[in-house]
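K.L.:
The following block contains a protein sequence and its predicted model.
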Amino acid sequence: MTNGFDLRRLILLLTGIIVGGFGLLCLLYPELPTTLTGLGLPTQTARIEAQAVYGGLQLGMGLLLLCCAVVPKWSVIGTWIVIAQIGGLAVARGAGVANLGWDSVYTTLALLYEASTALVALLTVFFNPPLKRQPSERPTSEPQHLTPSAPRATDAPYSPLP
């Protein structure tokens, strides 16, 4: 028995939570990405820019990916968004590392997360197995046989409830 949830939607859900959560943290605490990366916020404009790009943009993307995870018809386009956005970050970060070299644990972890997420998302475009759950167990005391019965004649108005 499947529950209608698949690997693609799981990737969208996890990526939406991670990206949206990081975006919310950066929106509330714009010093967070600057502390992790060594970027400076010398002016009020720089602080606002950090809130907008690291906070607002990532929070919006996270919410979009969560919507794509919830609405099955949107899962394919959501997956391509992950491939484009997260994969684009991985390619750009990888180019920076190739050009300048490794410099921090943050760069290493970010590159590993971005590359693996984009790769798994790309794989789900071509191979998307359903995630299965165990069927609910019924009591084994008596087998339940459903037999059709004739409708009951009543004077009550129709109700779909039993």
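P.N.:
That came through, no problem.
K.L.:
which helices and strands sit right next to the biggest helix by length in the chain?
P.N.:
When the chain is parsed with DSSP state H, its longest helix is helix 75-100. If contacts are counted by 3 or more C-beta pairs under 8 Å, 6 or more residues apart in numbering; DSSP states H and E, helix 75-100 sits against helix 7-28, helix 58-70, helix 105-126. In this view, the C-beta of every residue, glycine as well, is placed from N, C-alpha and C.
K.L.:
Same list (the ones you listed) but as CSV, adding distance to residue 96 and mean neighbour count.
P.N.:
Shown next, in CSV, are these (distance: least, C-beta to C-beta, whole Å; neighbours: other C-beta atoms under 10 Å):
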stretch, distance to residue 96, mean neighbour count
helix 7-28, 19, 19
helix 58-70, 19, 19
helix 105-126, 8, 16
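K.L.:
quick one, which of these is nearest to residue 84?
P.N.:
helix 105-126 (8.7 Å; C-beta to C-beta).
K.L.:
Output the below-cut-off pLDDT ranges for the protein.
P.N.:
For the chain, applying pLDDT under 70 flags the ranges 1-4, 132-162.
K.L.:
quick one on the thing from earlier: okay, the helices and strands packed on helix 75-100 in a markdown table with distance to residue 85 next?
P.N.:
Formatted as a markdown table, the helices and strands packed on helix 75-100 follow (distance: least, C-beta to C-beta, whole Å):
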| stretch | distance to residue 85 |
| --- | --- |
| helix 7-28 | 8 |
| helix 58-70 | 6 |
| helix 105-126 | 9 |
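K.L.:
For residue 47, find the nearest of the ones you listed.
P.N.:
Closest among the helices and strands packed on helix 75-100, using C-beta to C-beta: helix 7-28, at 11.3 Å.
K.L.:
helices and strands around the helix or strand that the closest one is followed by, which ones?
P.N.:
Using DSSP states H and E, the helix or strand that follows helix 7-28 towards the C-terminus is helix 31-37. Applying 3+ C-beta pairs under 8 Å, 6+ apart, we find helix 31-37 packed against helix 7-28.
K.L.:
between the helix it packs on and helix 58-70, how many degrees?
P.N.:
Taking axes from the mean of the first three to the mean of the last three C-alpha atoms, to 10 degrees, one finds helix 7-28 and helix 58-70 inclined to each other by 160 degrees.
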